[in-house]
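>>> sequence and predicted structure, then a few things I'm wondering about:
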Amino acid sequence: MIEVIILAIALSMDAFAVSIGLGAKENSPGLALKAGLFFGIFQALMPFIGYAGGKGVLGWIEAYSHWIAFGLLLLIGVKMIYESLQEGVEEDIAAVTNKMMLILAIATSVDAMAAGFSLTLLDANPYVACLVIGITTFAFSWSGVIIGRRSGTWLESKAEIFGGVVLVLMGFKFLLF
């Protein structure tokens, strides 16, 4: 279960970073709850889709599954680290609408779908794992908006770097153990 919690924290860092940017940009009431719900729901659903897809092909690729999990987590982690060095997407947002939140929720959770494949290799209930990922992302997104309101965006890229490094390390764990 500790692996699921670590995965949940790492996957939520993208949403956390975006939430910090949103909080620094806009001070509307309910934004923290909206960010938590949008990001949390999508971060819970996408890994389950990845898990279901991975479970469907696991019989064919079982001998190589640890290499695939390593490659996916390495790719996602490096991508998060690279994106942390770029300008945030929040700079281009004129207003935080439900449509914009939906787009951001999908964009930040696509990586979680690929990471969901790694759930096939963990000794964990996928429903519980996805629930933990969703709740963790809700909490980080909600707090990200609050932090962004109070401190600006200085923590934004650091959160993405942290999440990327954790995913890379988890990839190596699947490969080596």
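That came in fine, so what should we check first?

>>> C-alpha only now, for contacts and for neighbours.
Noted.

>>> who's in contact with stretch 139-149?
12-13, 15-27, 31-33, 35-36, 39-40 (Cα atoms under 8 Å, 6 or more residues apart in numbering).

>>> again, 6 Å this time
Residues outside stretch 139-149 that contact it (Cα atoms under 6 Å, 6 or more residues apart in numbering): 15-16, 19-20, 23-24, 32-33, 35-36.

>>> buried set for that stretch?
139-149 (16 or more other Cα atoms under 10 Å).

>>> same thing with stretch 27-47?
Within stretch 27-47, the residues that count as buried by 16+ other Cα under 10 Å are 31-47.

>>> now stretch 46-62
Of the residues in stretch 46-62, 46-55, 58 count as buried by neighbour count, 16+ other Cα under 10 Å.

>>> where is pLDDT lowest across those residues?
Across the buried residues of stretch 46-62, the bottom pLDDT score, 65, is held by Leu58.

>>> Phe70 contacts Lys173, correct?
No - when contacts are counted by Cα atoms under 6 Å, Phe70 is not listed as touching Lys173 (8.0 Å).

>>> higher neighbour count, these two?
The residue with more neighbours, out of Phe70 and Lys173, is Phe70; 24 against 13, by other Cα atoms under 10 Å.

>>> gap between that one and Leu7?
According to Cα to Cα, to the nearest Å, Phe70 stands 13 Å off from Leu7.

>>> in helices, which of the buried residues of stretch 139-149 fall?
139-149 (DSSP state H).

>>> list the buried residues for the helix or strand containing Gly23?
Secondary structure assignment for Gly23, by DSSP states H and E: helix 2-25. Judged by neighbour count (16+ other Cα under 10 Å), helix 2-25 contains these buried residues: 4, 6-25.

>>> return the closest of the buried residues of stretch 46-62 with respect to Ala107.
Nearest to Ala107, judged by Cα to Cα, of the buried residues of stretch 46-62 is Met46 at 10.8 Å.

>>> need the contact list for the nearest residue to that closest one once chain neighbours are set aside.
In space, and not counting its chain neighbours, Met46 is closest to Met113: 4.4 Å by Cα to Cα, 6 or more residues apart in numbering. Counting by Cα under 6 Å, 6+ apart, Met113 touches 46-47, 50.
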